[in-house]
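>>> need coordinates for the following:
(one chain, ligands or ions: 1)
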Amino acid sequence: MSQSCIFCAIVAGTIAADVLYQDGRVVAFRDRSPQAPVHILLVTRHHFASIDDPAVPADAAACAALFAAGQAVARQVGVERNGYRLVMNHGSDGGQTVQHLHAHLLAGRSLGWPPG
Ligand code: DGP
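Just a heads-up that it's a prediction; the model follows:
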């Protein structure tokens, strides 16, 4: 856990969020600034800085849990039929603003490609 990390605080329950799903490795909650009708963040309980964190490859269970949670949450909110996008941003070119590994689940409208 990182003391200054907003997502660690949400995982710990000290900052409120609209939590939709949680298991032993992942917490999913609605993004406070939604970019699509469905915009949910999937966050590892463990603090990794991003997908580029050197500790990520060694924690295959956390990576698998993130994928599994993406599928579970997409089905929970009923977007698996029409489709959705899972996105991970890293670094400034990637548009990452919170330095804690997370995936965005975006759905509810046709999503453009390539992203801007
Ligand atoms: P990224 O740019 O990939 O690092 O995505 C960070 C996302 O986190 C961004 O879409 C806004 C969202 N966000 C930031 N702070 C909070 C918060 O305190 N609560 C919630 N629910 N979402 C947050």
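>>> can you get me a residue count around V73?
With neighbours defined by other C-beta atoms under 10 Å, the count for V73 comes to 24. Every C-beta, even on glycine, is put in place using the N, C-alpha and C of the backbone.
>>> quick one: contacts for it?
V73 makes contacts with L20, Y21, A28, I40, L42, L105, as judged by C-beta atoms under 8 Å, 6 or more residues apart in numbering.
>>> turn the residues you listed into a markdown table, columns for pLDDT.
Output for the contacts of V73, formatted as a markdown table (pLDDT from 0 to 100):
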| residue | pLDDT |
| --- | --- |
| L20 | 98 |
| Y21 | 98 |
| A28 | 98 |
| I40 | 98 |
| L42 | 98 |
| L105 | 98 |
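>>> and which of those residues is nearest the ligand?
Within the contacts of V73, proximity to the ligand (C-beta to the nearest ligand atom) peaks at I40, which comes in at 9.3 Å.
>>> ok, that closest one - contacts?
I40 touches L20, A28, F29, R30, D31, V73, V77, H104, L105, counting by C-beta under 8 Å, 6+ apart.
>>> just those residues: which are in helices?
V73 (DSSP state H).
>>> hang on, the earlier thing: need the contacts of V73 in TSV with distance to A61, can you?
Below are the contacts of V73 laid out as TSV (distance: C-beta to C-beta, whole Å):
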residue	distance to A61
L20	21
Y21	17
A28	17
I40	21
L42	15
L105	20
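>>> top of the residues you listed by neighbour count?
In terms of neighbours by other C-beta under 10 Å, the contacts of V73 top out with I40 at 28 neighbours.
>>> wasn't that one part of a helix?
No: read with DSSP: H, G, I helix; E, B strand; the rest coil, I40 is strand and lies in no helix.
>>> near the ligand, which residues of the protein?
Contact residues, the chain versus the ligand (C-beta under 6 Å from any ligand atom): 6, 17, 29-33, 41, 89, 95-98.
>>> state the pair within the residues you listed that is farthest apart.
Maximum pairwise distance among those (C-beta to C-beta): 20.5 Å, between A17 and G95.
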